[in-house]
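S.K.: structure for the following, please:
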Amino acid sequence: MSKYVPWDSQSLAAWGEKYARGKFVELDGHQTHYIEKGEGDPLILIHGFFYDTHMWDGSMDVLAEHYKVYALDLWGFGYSTREFLDFGYPLYAKQLKLFMDAIDIPKASLIGQSMGGGTIIQFCLNNRERVDKIVLVDPAVLPNELPLMGRIANLPGVGEFLFGMNSNFMRRLTLKTNFIYNNQHVTDAYFEKVTRFQKVEDTTKIMLTILRKEFFHTLEAEVHQVSTMNIPAMVVGGRQDPSIPIRLIEEVYRILPGSRLEVFDQAGHCPHDEHPKKFNQLVLEFLGN
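M.R.: Residues are numbered from 1 along each chain as shown. Next comes the predicted model:
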């Protein structure tokens with residue numbers, strides 16, 4: 001059995017050298033880690049809260065058969081910087097724009113899950129000409145209460161204690177309670193790969209900082225603004241998502257004229273992850289392949 005590595009115990013440089021799968025680029029003085037695969041028109045994948053680029057492991061290779069696919073780690077996650085920045089949707093929209101500028105991507109289709117979906121909505125407001133099509137997977141944009149686990153983690157000192165324990169228990173419980181419907185999906189191998197980046201120093205502090213800023217579900221007006229921009233959109237939801245009720249996913253669909261709605265049964269907050277074959281087929285069809 002491998003030796004247990006405590007959470008928040010590893011330097012970003014050393015852990016990244018050991019486990020980062022992609023490349024690095026400096027954006028406004030802050031490190032961003034990203035993966036790129038394939039050839040063709042650009043397609044950018046943006047992970048949600050608690051995850052990193054591993055969120056897209058079930059899709060990236062398939063999509064890369066048709067597109068030049070990029071998956072980036074948002075600041076504070078994966079192997080991107082652990083500096084304490086002004087976390088929120090404006091910051092992540094800025095990171096996305098800086099990334100596209102640095103990699104010389106004039107226009108791309110965008111896929112984002114939860115917080116990644118909110119990042120896309122924020123980005124579209126001032127960068128319509130940079131966006132081809134968008135896929136919003138359980139987007140955290142409309143008014144909604146944090147799930148119970150999030151509210152518990154927000155309690156002063158409680159989140160630090162629970163997620164600071166030298167145990168996998170809280171993170172496994174979080175995945176199974178808030179993100180993944182089929183608990184059999186959260187194997188030891190899955191758990192290890194999607195939470196590995198949380199071994200990096202300050203990751204837990206940053207995640208709690210982001211939770212406590214409570215900027216999820218604050219983009220109702222912005223979604224209505226995007227609805228006037230004629231951006232082709234597909235909205236994907238997990239019917240059993242405990243974090244964002246399916247009625248809110250359906251409401252995003254109703255707000256965005258001409259959009260497409262796909263509801264996955266037997267799926268939670270990460271329907272693309274639990275049902276990648278179906279998701280990939282729908283995305284390729286929507287994007288035009």
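S.K.: skipping adjacent residues, who's closest to Glu160 in space?
M.R.: In space, and not counting its chain neighbours, Glu160 is closest to Leu208: 6.8 Å by Cβ to Cβ, 6 or more residues apart in numbering. For the C-beta atoms, the positions are set from N, CA and C on the backbone; glycine is no exception.
S.K.: same check on Ile249?
M.R.: Nearest one to Ile249, counting by Cβ to Cβ, 6+ apart, is Gly237 at 3.3 Å.
S.K.: right, and the helix or strand after the helix or strand harbouring that neighbour?
M.R.: If you go by DSSP states H and E, Gly237 is part of strand 233-238. Downstream of strand 233-238, the first helix or strand assigned by DSSP H and E is helix 246-255.
S.K.: burial measure for the residue nearest to Ile249, as a count.
M.R.: Applying other Cβ atoms under 10 Å, we find 26 residues neighbouring Gly237.
S.K.: just list whatever residues bridge to it.
M.R.: Using DSSP bridges, the bridge partners assigned to Gly237 are Val263.
S.K.: contact partners for it?
M.R.: 137-138, 244, 246, 249-250, 261-264, 271 (Cβ atoms under 8 Å, 6 or more residues apart in numbering).
S.K.: so it versus Asp138, what's the distance?
M.R.: Note on Gly237: its distance to Asp138, by Cβ to Cβ, to the nearest Å, is 6 Å.
S.K.: what about the residue nearest to Ile249, distance to Ala267?
M.R.: Using Cβ to Cβ, we find Gly237 at a distance of 8 Å from Ala267.
S.K.: same thing with Gln122?
M.R.: 25 Å.
S.K.: phi, psi for Leu146 please.
M.R.: Per-residue torsions, Leu146: phi -60, psi 150 (degrees, to the nearest 10).
S.K.: any buried residues in the helix or strand of the chain with the lowest mean pLDDT, and which?
M.R.: Across the helices and strands of the chain, mean confidence by mean pLDDT, DSSP states H and E is lowest for helix 148-153: a mean of 88. Across helix 148-153, burial judged by 16 or more other Cβ atoms under 10 Å covers 149-150, 153.
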